[in-house]
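would you be able to build a 3D model of this:
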Amino acid sequence: MKLHRNVWVTSATSFLTDVSSEMVFDLLPLFLSGVLGVRTAAIGLIEGVAEAVSSFLKVGSGFLSDRLGKRKWLAVAGYGISAASKPLLLLAASWGAVLGIRSLDRFGKGVRTAPRDALLAESISPETRGLAFGVHRAFDSAGAVVGLLVALAVVWSAQKGALALAPETFRLLVLASFVPAFAAVAVLALGAREIGHSAPKASERGRLPLRRLDPPFRRFLLAVALFTLGNSSDSFLVLRASERGLSVAGILGMLLGFNVVYTLVAAPAGHLSDLLGKKRVIAAGWLFYAVLYLGFALVRDASHVVALFVVYGLYYGLVEGVGRAFVADLVPDPGKLGSAYGLYHAVVGAAALPASLVAGILWQGIGDFAGLGPEAPFLFGAVLALAATAVLLTVPRVLSSRE
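Numbering: from 1, shown residues only. So this is what the prediction gives:
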């Protein structure tokens, strides 16, 4: 099945970006806790604030791309900002500095994400949306596989099976991440083609983005917000593995297995959603997530964490690309796609701030008080996933979508 060149260009850009990011950011919790001595509540704050910065920008960037009738160069600018933030990690010596750098990286993500997804949605027919977004997510996770392989090779060469991450090892990985980060910017700038669309009508230009969008999409946003409140940063899963005694090299191997599963599942899951309906596939993914998080709460040794985390890639493969394709089904007007994607990603980012803060508090505070400890945030996530699935199943059918 032939796909538009923008699908392949945006996929290649995401591949290179993830090669760069996974070399560094998956080890950032270990750098913060092991090298800088930061507590889990502060790590949750860093991840939550960074995602919140991104979320606010996604709304404005998506809305601006609708107003301009252009997507490409906003996306290029966003990738450029994220690439430029990585060299600053070489200077980070406190959690406040990491917070600023991580926020700048997420600033770039906030600028690029909604215009990029809208450009991708405009480049394909409704019948192949699930497949196209699945291919995009598969390339994204394949980049994570390559980035993790590089990180694993560097860590193993520098410190073998050590339980703690050495600061010199982390800085070497930061240096290596520069090349794919800036290559990603070049690929999108030179390879993508603007599709173009009609700007919103004059009567709608002053309206808030959410007011311009239909009730089914708003209901979907409610379900996504509820789910995300229990979906704290995956940094806590990395910390859970470390807390159970897994080495740095073991954590990288665990992340590698996760991304291999994600890569293999994403495109077939997207194609399946074109055939069976995207809402059904997302609901199945969220239910599977609830079961997995219950498992993370109950694990007793590192091998259990590894097994669950690798299978966790199945959840991502089922939901990530399909959720983005479902947005385009629920918002059939191309002139509103940027705003829709901005709001979708903003809801995820805005809910991620309290989600990560709550997870950190549950882990160290309420969890200890209630006798649960690190189990508490994972039990909380499982319960909210079930509640979100119930809301998702009430989203009305839209004529342009197969449900």
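
residue 46 is in contact with residue 98, isn't it?
Yes: the pair residue 46 and residue 98 qualifies as a contact (Cβ atoms under 8 Å) at a distance of 6.1 Å. Quick note: C-beta positions are derived from backbone N, CA and C, even for glycine.

so those two - more neighbours on which side?
residue 46 (25 against 22; other Cβ atoms under 10 Å).

relative to residue 56, how far out is that one?
Distance, residue 46 to residue 56, by Cβ to Cβ, to the nearest Å: 17 Å.

burial measure for the closest residue to residue 5 other than its chain neighbours, as a count.
Across the structure, with Cβ to Cβ, 6 or more residues apart in numbering as the measure, the residue nearest residue 5 apart from its sequence neighbours is residue 193 (6.6 Å). The criterion is other Cβ under 10 Å. On that basis, residue 193 has 12 neighbouring residues.

ramachandran coordinates for residue 193?
phi -120, psi 130 (degrees, to the nearest 10).

residues contacting it?
Neighbouring residues of residue 193 by Cβ atoms under 8 Å, 6 or more residues apart in numbering: 5, 6, 72.

so where do the helices sit in the stretch 301-403 of the chain?
All helices of the stretch 301-403 of the chain, identified by DSSP state H, counting those that start in this stretch, fall at 302-330, 337-361, 367-369, 376-392.

hmm, residue 313 is touching residue 258, no?
Yes: Residue 313 lies in contact with residue 258 (Cβ under 8 Å); the separation is 4.3 Å.

of those two, which one has the most company?
Here residue 313 and residue 258 are compared on neighbour count by other Cβ under 10 Å; more neighbours surround residue 258, at 27 against 22.

do you know how far the more buried one is from residue 192?
Distance of residue 258 to residue 192, given as Cβ to Cβ: 29 Å.

ok, the closest residue to residue 380 other than its chain neighbours - contacts?
Spatially, and ignoring its direct neighbours in sequence, residue 380 is nearest to residue 230 (5.6 Å; Cβ to Cβ, 6+ apart). Residue 230 makes contacts with 293, 355, 380, 381, 382, 383, 384, 385, 388, as judged by Cβ under 8 Å, 6+ apart.

pLDDT at the fourth one, what is it?
Okay, so that is residue 381. The score at residue 381 is 88. That number is its pLDDT.

state the distance from the closest residue to it other than its chain neighbours to residue 318.
Leaving aside its chain neighbours, residue 381 sits nearest to residue 230 (3.8 Å; criterion: Cβ to Cβ, 6+ apart). In this structure, residue 230 and residue 318 are separated by 17 Å, where distance is defined by Cβ to Cβ.
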